[in-house]
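*Asks:* need coordinates for the following:
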Amino acid sequence: MKQSFIDTNIIVYANDARDKEKQAIALNVITEHMKSGSGVISTQVLQEYAHVALNKLHQRQDVILRQLVLLEEMTVIQQSPALIRRAVEIKATYQISFWDACIIAAAEYAKCNVILSEDMNASQFYSGIVMQNPFASLLR
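*Replies:* Below you'll find the predicted structure:
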């Protein structure tokens, strides 16, 4: 089964009603990957979502906790010392941010084929994993 890593921005848009088009796309992406069992996230993604939900979306704690439990139904990659070391290598190789390198390291560990993200260069390969922007159709 092909695995897709879902970056934090997809989860944030799914929870942000200010942009209805992006919210609909994000909800569809998450739902599709949860139903098929092909969705992968990391503890970093859970942390970043919780931070944004609390501080920018101003969601209630009970809503955030429900969302976290729901997201935990996907494959969750735990951050580890080995993944942090790999992120340092990826950062140096591709000259990207450390946090993006952590996402790539987790996706690589999970043997994902794709990283779904708005933040990284669409169609670019990192460590053999292609970046896809699910919101690309909105840019036209």
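*Asks:* got the contact list for the residue lying closest to residue 139 once chain neighbours are set aside?
*Replies:* Nearest non-adjacent residue to residue 139, counting by CB to CB, 6 or more residues apart in numbering: residue 133, 7.9 Å away. For every residue, glycine as well, the C-beta is placed using N, CA and C. By CB atoms under 8 Å, 6 or more residues apart in numbering, the residues touching residue 133 are 116-118, 122, 139.
*Asks:* next up, phi/psi of residue 133, please.
*Replies:* Main-chain torsions, residue 133, degrees, to the nearest 10: phi -100, psi 110.
*Asks:* so how far is residue 127 from it?
*Replies:* According to CB to CB, to the nearest Å, residue 133 and residue 127 sit 18 Å apart.
*Asks:* hang on, the earlier thing: pull out the buried members of the contacts of residue 133.
*Replies:* Among the contacts of residue 133, those buried by neighbour count (16 or more other CB atoms under 10 Å) are 116-118.
*Asks:* which members of those are positioned in helices?
*Replies:* Cross-referencing these against helices under DSSP state H gives no overlap.
*Asks:* now those residues as TSV including distance to residue 81?
*Replies:* Shown next, in TSV, are the buried ones among the contacts of residue 133 (distance: CB to CB, whole Å):
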residue	distance to residue 81
116	26
117	24
118	29
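*Asks:* between those, which is nearest residue 98?
*Replies:* Of all these, residue 98 sits closest to residue 117, with 15.4 Å by CB to CB.
*Asks:* and the longest helix for this protein?
*Replies:* Max-length helix for the chain by DSSP H is helix 20-36.
*Asks:* and the helix or strand following that helix, which strands flank it?
*Replies:* On the C-terminal side of helix 20-36, the closest following helix or strand by DSSP states H and E is strand 39-42. Using DSSP bridges, strand 39-42 pairs in its sheet with strand 4-6 (parallel), strand 75-77 (parallel).
*Asks:* can you say which of those is packed in most?
*Replies:* With neighbours taken as mean count of other CB atoms under 10 Å, the strands paired with strand 39-42 reach their highest mean count in strand 4-6, at a mean of 27.
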